[in-house]
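Asker: Take a look and give me a structure for this.
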Amino acid sequence: MKKKFFYSAALAGVMAFSVFSPKALAHDELGKDYIEKGEDVGQYEFMGPQLEASKNILGWKEAAAVQIQKKNGVQNNTADVYAHKGYAYLGTHTANGGGGGVRVFDLKDPSDPKEVAVFADMPGTWQEKVIVKSVSTPEFTGDLAVVSVQKMNRLDQNTTGGFLLYDVTNPEQPKKLGFWSTPQNVRGTHELYLTEQGNRVLVLTANPYSNFYDKTSHDFNVVDATNPAAPKTVYSFDASQLEPEYDGYNFKDKYNQDRVGFAHSVKADGNGSTAYVSFWDMGTLIFDISKPEKTKFLGRTEFEKTVQGAAHSSALAKGGNILIETREVSNPKRDGFEYGYGYTRIYDIKDKTNPKLLSYFKTDASMTEGARPTFAYTVHDPKVRGNTLYLSHYAAGVRALDITNPSSPYELGYYRPENAYFWGVFVDRNYMLASDMGSGLKVVLKNNGQDD
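Answerer: Reported below is the predicted structural model:
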């Protein structure tokens, strides 16, 4: 059953324009009337069953739904989710004061996840992103976790942002190894990635507005964490290299449109040689990091004059030749731009210096008229497993797309429990994990453990 809500690049010219002024920029704390994620949980209903799919994923079934435990009497909400060696790692967001840390769940029985540990729970901060990998360096061998740290209050001089490094070789007894900090007047690291080059370990960071608040620092950094106890910065990127009038936030594009740019997310390819930095309206920036101290900018995706930017996150497919770019647009009505919430764009990046738009994908919800600005209707994070693309879509659930032909993606199905509000998705072994901001961890199992 092919769903109709995909669009090829050739259709871009027929999209409608809006004549309304913006009220908020998705995930942009400097935007006017900023809406916090999770504020509108449960306010939007989407018709349809919890699981609707083509035969390719009819084997999926919800196996578990478990809330994270209260900490010191406080119920935190979840952010991103990651899995490693049969354990799930859930970051936490800002609800009820933050400080929720990373929650570790034993998935030995995926139908009955057990919360077994909490770590990186720094007061006055929140821990959105966690990446875990098995690494081997002269200084450390084992399972290494890197956790983003952001200040709840940027001006709080008693807290510090950046990222933490933990030994999670025993996931039930995490051990702190090191901390990399951002300047005191910067909020911290929002998203990050952990990658290896032989026996060298690198952490790539996206620190939104870092250059805006502190001219001595920059949004994208490459940090050597080969010795996790002493991480050190080896490269920082100044985006004014691309946009001379860039002030750390504002710039004008080639069409003289007012745009904003800040590093939101970052990812590396499988061998740690190329980095992809989601830089909001500047697009996805591509870097050669094969020699980290001599990192080179290669190219970037660009937006048409009438397309809102908001490059939020990325994923790779087809051996790194295809780039998935999700755009977190929560306000569909901006003067001079097409109508629509955030949707997914797919690029051919065989030539990293010249990404070519192949297609894009919208849900029915992303084209809903008459709704107020809200995160509930926009795409969020992408993950790829083989020829299947998984997209977390907040209240619209987790969507699964067939990208065998990247020029013509189509929806295989979706998973959307009642009142769900999904931040992240992760596919591992025979299960799909989804982090529901309001109600914790969802585990969806494949029958017989078959791959897509």
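
Asker: can you map out the helices along the stretch 51-200 of the chain?
Answerer: Per DSSP state H, counting those that start in this stretch, the stretch 51-200 of the chain carries no helices over any range.

Asker: which residues of it score low on pLDDT?
Answerer: Counting by pLDDT under 70, the stretch 51-200 of the chain has low-confidence residues at 51-58.

Asker: roughly how far is stretch 78-85 from the heart of the chain?
Answerer: On the basis of Cα atoms, centre = their mean, to the nearest Å, the separation between the geometric centre of stretch 78-85 and that of its chain is 12 Å.

Asker: isn't there a helix covering Glu293?
Answerer: Yes - per DSSP: H, G, I helix; E, B strand; the rest coil, Glu293 lies within a helix segment.

Asker: Quickly note the distance from it to Val223.
Answerer: Counting by Cβ to Cβ, to the nearest Å, the gap from Glu293 to Val223 is 12 Å. C-betas here are computed from N, CA, C, even on glycine.

Asker: Would you mind listing the residues touching both of the two?
Answerer: Counting by Cβ atoms under 8 Å, 6 or more residues apart in numbering, the contacts common to Glu293 and Val223 are Val234.

Asker: Who has more neighbours out of the two?
Answerer: When Glu293 and Val223 are compared for neighbours, Val223 comes out ahead with 23 against 9, by other Cβ atoms under 10 Å.

Asker: quick one: the more buried one and Ser392, what's the gap?
Answerer: Look at Val223 and Ser392: by Cβ to Cβ, they are 27 Å apart.

Asker: Check Asp80 too.
Answerer: Using Cβ to Cβ, one obtains 9 Å as the distance from Asp80 to Ser392.

Asker: Common neighbours of these two, please.
Answerer: When contacts are counted by Cβ under 8 Å, 6+ apart, Asp80 and Ser392 are jointly contacted by Asp381, Trp423, Gly424, Ser435.

Asker: Most neighbours among those, which one is it?
Answerer: Ranking these using other Cβ under 10 Å puts Ser435 first, with 29 neighbours.

Asker: wait, it sits on Ala420?
Answerer: No - checked against Cβ atoms under 8 Å, the pair Ser435 and Ala420 is beyond contact range at 10.3 Å.

Asker: chain center to the longest strand anywhere in the chain: distance?
Answerer: The residue-count maximum for a strand in the chain (DSSP state E) belongs to strand 141-151. Distance of strand 141-151 from its chain centroid, counting by Cα atoms, centre = their mean, is 16 Å.

Asker: Which positions in it come out as buried?
Answerer: When neighbours are counted by 16 or more other Cβ atoms under 10 Å, the buried residues of strand 141-151 are found to be Asp143, Leu144, Ala145, Val146, Val147, Ser148, Val149, Gln150, Lys151.

Asker: Okay, now the unreliable bits of the stretch 351-452 of the chain?
Answerer: The stretch 351-452 of the chain contains residues with pLDDT under 70 at 369-372, 447-452.

Asker: Show me where it has its helices.
Answerer: Counting by DSSP H, counting those that start in this stretch, one finds no helices in the stretch 351-452 of the chain.

Asker: Now do the strands in the stretch 151-300 of the chain.
Answerer: With DSSP state E, counting those that start in this stretch applied, the stretch 151-300 of the chain shows strands at 162-167, 175-181, 191-197, 200-206, 220-224, 232-237, 250-252, 258-260, 265-268, 274-278, 284-288, 296-300, listed in chain order.

Asker: And the ones you listed: which comes nearest Ser313?
Answerer: Among these, strand 265-268 comes nearest to Ser313, with 4.5 Å by Cβ to Cβ.

Asker: which outside residues touch that closest one?
Answerer: Among residues not part of strand 265-268, those counted as contacts by Cβ under 8 Å, 6+ apart are 190-193, 195, 202, 204-206, 220, 274-278, 289, 312-316.

Asker: so who does the most far-flung residue of the chain relative to its centre touch?
Answerer: Note on the chain: the largest C-alpha distance from the chain mean falls to Pro138, namely 30.8 Å (Cα atoms, centre = their mean). Taking Cβ under 8 Å, 6+ apart, we find Pro138 in contact with Asn199, Thr226, Asn227.

Asker: quick one: which of the residues you listed is nearest Glu245?
Answerer: Lowest distance from Glu245 to the contacts of Pro138 (Cβ to Cβ) belongs to Thr226, with 37.4 Å.

Asker: Next up, the contacts around that closest one.
Answerer: With contacts defined as Cβ under 8 Å, 6+ apart, Thr226 is in contact with Thr137, Pro138, Glu139, Phe140, Asn199, Arg200, Val201.

Asker: can you list these in a markdown table and add distance to Asn76?
Answerer: Output for the contacts of Thr226, formatted as a markdown table (distance: Cβ to Cβ, whole Å):
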| residue | distance to Asn76 |
| --- | --- |
| Thr137 | 32 |
| Pro138 | 37 |
| Glu139 | 33 |
| Phe140 | 29 |
| Asn199 | 36 |
| Arg200 | 34 |
| Val201 | 29 |
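
Asker: Select only the buried ones of these in PyMOL?
Answerer: Selection of buried members from the contacts of Thr226 for PyMOL, criterion 16+ other Cβ under 10 Å:
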select buried, resi 137+140+201
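
Asker: Tell me where the stretch 351-452 of the chain has strands.
Answerer: Read by DSSP E, counting those that start in this stretch, the stretch 351-452 of the chain holds these strands, from start to end of the chain: 356-361, 382-385, 388-392, 398-402, 410-415, 422-428, 431-436, 440-446.

Asker: and of those strands, who's closest to Gln241?
Answerer: Closest of the strands of the stretch 351-452 of the chain to Gln241 is strand 356-361, at 22.8 Å (criterion: Cβ to Cβ).

Asker: Adjacent strands (with direction) for that closest one?
Answerer: According to DSSP bridges, the neighbouring strands of strand 356-361, each with its direction, are strand 6-8 (antiparallel), strand 344-348 (antiparallel).

Asker: Out of the ones you listed, point me to the one whose mean pLDDT is lowest.
Answerer: Taking the average pLDDT of each of the strands paired with strand 356-361, the minimum falls on strand 6-8, with a mean of 40.

Asker: you'd agree Ile324 is in a helix?
Answerer: No - assigned with three-state DSSP, Ile324 falls outside any helix and is strand.

Asker: Cheers, nothing more for now.
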